[in-house]
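Enquirer: Based on what follows, work out the 3D shape:
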Amino acid sequence: MTNKFTGKSPFNQAPNYGWSKYIGLGSQLIVGLLLSLYIGKKMDAYFNKHAFFAWMAPSLFILIVLVSVVRDTQKKK
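Expert: Have a look, this model is predicted:
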């Protein structure tokens, strides 16, 4: 069995692990959101608020992550 474009066997090619960084990023986002939601709920119980910090903590986390992604992907001057 050979590849019709390269003429090489797919079993002799090196594996492509480019997707692994996206799995790591996704798991970090999920853990960060769950942790910030947990902290927000605990702060709501402590300060006797009704779902204020449970909304603000994950929103702040998402904002911080978006800013860091934009900074990391900008071209360096």
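Enquirer: Need the three-state assignment for residue 75.
Expert: State at residue 75, reduced to three classes by DSSP: H, G, I helix; E, B strand; the rest coil: coil.
Enquirer: Could you report the separation of it from residue 64?
Expert: 22 Å (C-beta to C-beta, to the nearest Å). For glycine as for every other residue, the C-beta is placed from the backbone atoms N, C-alpha and C.
Enquirer: Pick out whichever of the two has more residues nearby.
Expert: When residue 75 and residue 64 are compared for neighbours, residue 64 comes out ahead with 12 against 4, by other C-beta atoms under 10 Å.
Enquirer: in the chain, what spans have low per-residue confidence?
Expert: 1-15, 77 (pLDDT under 70).
Enquirer: which residue ranges form the helices in it?
Expert: Secondary structure of the chain, counting by DSSP state H: helices at 20-47, 53-73.
Enquirer: and the first one, what does it pack onto?
Expert: Using 3 or more C-beta pairs under 8 Å, 6 or more residues apart in numbering; DSSP states H and E as the contact definition, the elements that helix 20-47 packs against are helix 53-73.
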